[in-house]
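Q: Everything below, folded, please.
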Amino acid sequence: MIINSLCFENKLYLCRIIFSILNKFLMKKQFVKSKSVAKVTFNPSAEVINGGKEVIVLGDFNNWDPELGFGLKKQKDGSFKGVLELDKGQEYQFKYLVDGNSWVNDTEADSLVPSPFGEPNSVVSTIE
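A: Take a look at the predicted model:
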């Protein structure tokens, strides 16, 4: 994805602007009017998962704790999918942990941010 390649050329400011504009078209989110939550669909493609058998979502919302990880269900096309309710008005960093040993970003994340571990983290925004 061209947008992701811009992020890796030290042009994070440009990347954030582009992601901000495209925010509504990236990760699927349903804002629940009767609650202060958004239902966020995590749906990494088969290409992103690269043959993995188990995928969990880890991030700010579960303190990056594998014991609290949100497991995704494998789909017929090889992708994985799951819906998680997150508080509205926040930006959450996250990654997918594939088979307990490989960290993967979401190609449809709202943005990417630098992490202290060298590789960026995916971000999902629940700001309306």
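Q: now this protein, which segments are flagged as low pLDDT?
A: 1-26 (pLDDT under 70).
Q: Which stretches in it count as helices?
A: For the chain, the helices defined by DSSP state H occupy 2-7, 12-22, 46-49.
Q: Might you calculate how far stretch 34-42 sits from the centre of the chain?
A: 14 Å (CA atoms, centre = their mean, to the nearest Å).
Q: To clarify, my last question referred to stretch 32-52.
A: The answer for stretch 32-52 is 7 Å, by CA atoms, centre = their mean.
Q: same check, this time on stretch 119-128
A: Worked out by CA atoms, centre = their mean, stretch 119-128 lies 6 Å from the chain centre.
Q: May I have it exported as CSV, CA atoms only?
A: What follows is stretch 119-128, C-alpha atoms only, in CSV (Å, rounded to 0.1, in the frame of the first residue of the first chain):
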residue,chain,number,x,y,z
GLU,A,119,8.5,-1.2,14.2
PRO,A,120,5.4,1.1,14.2
ASN,A,121,2.1,0.2,15.8
SER,A,122,-1.3,0.3,14.1
VAL,A,123,-3.8,2.8,15.4
VAL,A,124,-7.6,2.6,15.5
SER,A,125,-9.5,5.8,16.3
THR,A,126,-12.9,5.8,17.9
ILE,A,127,-13.3,9.6,17.7
GLU,A,128,-16.4,10.5,15.8
